[in-house]
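S.K.: got a sequence here, can you build the structure:
(one chain, ligands or ions: 2)
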Amino acid sequence: MERDRAQITSERGEGDDGRTTSDRDRQTEASRTDESVIESRDLSVFYGDDQALQGIDMSIPERQVTALIGPSGCGKSTFLRSINRMNDLIDVARVEGELYFHGKNVYDDDVDPVALRRKIGMVFQRPNPFPKSIFDNVAYGLRVQNKDGDVERKVRVALERAALLEEVEDRLEESGLDLSGGQQQRLCIARAIATDPEVILMDEPASALDPVATSQIEDLVEELAREYTVVIVTHNMQQAARISDKTAVFLTGGYLAEFDDTATIFENPESQRVEDYITGKFG
Ligand SMILES: Nc1ncnc2c1ncn2[C@@H]1O[C@H](COP(=O)(O)OP(=O)(O)O)[C@@H](O)[C@H]1O
Ligand SMILES: [Mg+2]
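M.R.: Ligands and ions are numbered 1, 2, ... in the order given. As a prediction, the model looks like this:
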């Protein structure tokens with residue numbers, strides 16, 4: 001796993017052995033395992049004196065969809081942001097414990113958070129395209145990395161993987177802001193995909209969208225998990241049940257109450273509190 005270590009500790013896209021992500025893809029293609037790609041160990045997050053997460057231990061499996069559910073304010077977004085160090089951008093936030101990405105603690109001093117966020121991309125609740133053309137939105141990350149050789153092809157591949165290409169291929173020079181909400185969200189997914197990430201974090205990516213756009217995003221999430229590890233926050237339990245392989249249930253105060261196969265969480269949870277939450281008795 002040296003390769004990934006190199007990738008998040010330097011600005012270059014390749015590790016010492018010179019292998020690229022496509023080598024990895026060929027090697028592990030279609031092999032869906034429970035191998036974990038992200039592991040939190042005793043992870044706590046504080047905002048000033050307030051503790052938002054209480055010593056979370058979780059292993060997130062590769063190329064599956066892991067859903068984070070739980071009542072509002074229980075720390076789902078905080079946990080998601082801790083994975084790619086987005087909490088660094090919040091002045092009062094402080095992280096304790098460890099968060100491993102392929103066995104490397106992302107909070108080590110030698111990790112470059114910008115390189116990390118290219119490997120672990122993020123999509124937010126409100127689609128936030130740049131005020132640029134559709135093409136430039138997707139090309140942005142490639143240009144920042146000076147990877148603009150073959151940019152045309154990479155943009156098309158990213159748009160295709162985000163299930164948007166067909167709808168926009170005749171108007172790539174139009175503003176991303178002129179797209180519908182659902183299209184904007186898929187554009188943001190394409191933008192995240194363009195830099196060749198391994199993990200895509202999504203924070204309630206469909207909650208601002210209408211039902212049709214929501215179901216397109218849900219289909220896309222399942223599709224993306226063939227290629228990427230997806231971690232998705234949702235307040236919609238039916239959505240979690242529909243699209244995820246694993247579900248983590250957080251409860252008020254920032255506790256991880258249960259983490260298991262989605263079917264187990266929804267059909268036969270271990271704890272009474274989780275059962276009460278799932279069946280709508282509170283939250
Ligand atoms: N930027 C912030 N500054 C201070 N407190 C925050 C901040 N973001 C979240 N919190 C607090 O941390 C707790 C967890 O919030 P959050 O992770 O957003 O929960 P969720 O996503 O489950 O609704 C809440 O009590 C919230 O008020
Ligand atoms: Mg949230």
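
S.K.: residue contacts, the closest residue to Gly73 other than its chain neighbours?
M.R.: Closest residue in space to Gly73, ignoring its immediate chain neighbours: Thr252 at 6.8 Å, by CB to CB, 6 or more residues apart in numbering. Quick note: C-beta positions are derived from backbone N, CA and C, even for glycine. By CB atoms under 8 Å, 6 or more residues apart in numbering, the contact list for Thr252 reads 70-71, 73-74.

S.K.: any idea how far Thr252 is from ligand 1?
M.R.: 9 Å (CB to the nearest ligand atom, to the nearest Å).

S.K.: circling back to that earlier point, what subset of the contacts of Thr252 is also close to ligand 1?
M.R.: Under the cut-off given by CB under 6 Å from any ligand atom, ligand 1 has 70, 73-74 from these close to it.

S.K.: can you say which of those are buried?
M.R.: Taking 16 or more other CB atoms under 10 Å as the criterion, what is buried in these is 70, 74.

S.K.: just the strands in the chain please.
M.R.: For the chain, the strands defined by DSSP state E occupy 36-47, 50-61, 65-69, 93-101, 104-105, 120-123, 199-203, 229-233, 246-251, 255-261.

S.K.: tabulate those strands (TSV), appending mean pLDDT and mean neighbour count.
M.R.: TSV is the format used below for the strands of the chain (pLDDT from 0 to 100; neighbours: other CB atoms under 10 Å):
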stretch	mean pLDDT	mean neighbour count
strand 36-47	98	18
strand 50-61	98	18
strand 65-69	98	26
strand 93-101	98	17
strand 104-105	98	18
strand 120-123	96	23
strand 199-203	98	24
strand 229-233	98	25
strand 246-251	97	25
strand 255-261	98	18
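
S.K.: how about low-confidence regions in the chain?
M.R.: 1-7, 10-33, 147-148, 282-283 (pLDDT under 70).

S.K.: just to revisit the earlier point, okay, and which of the ones next to ligand 1 among the contacts of Thr252 map to helices?
M.R.: Using DSSP state H, no member of the ones next to ligand 1 among the contacts of Thr252 falls within helices.

S.K.: quickly note the distance from Gln185 to ligand 1.
M.R.: Counting by CB to the nearest ligand atom, the gap between Gln185 and ligand 1 amounts to 18 Å.

S.K.: do you know how far that residue is from Val123?
M.R.: 7 Å (CB to CB, to the nearest Å).

S.K.: now for these two: what residues contact both?
M.R.: Residues touching both Gln185 and Val123 by CB under 8 Å, 6+ apart: Pro205.

S.K.: break down the stretch 51-200 of the chain into its helices, ranges please.
M.R.: Secondary structure of the stretch 51-200 of the chain (DSSP state H, counting those that start in this stretch): helices at 76-83, 113-119, 134-144, 151-161, 165-168, 181-194.

S.K.: how about those, which one is nearest Ile232?
M.R.: helix 76-83 (8.6 Å; CB to CB).

S.K.: what does this protein have sitting close to ligand 1?
M.R.: Contact residues (CB under 6 Å from any ligand atom) of the chain with ligand 1: 47, 52, 70, 72-78, 90, 92.

S.K.: can you name the two of those that sit furthest apart?
M.R.: So, the residues of the chain next to ligand 1 by CB to CB: farthest apart are Gly70 and Val92, at 22.1 Å.
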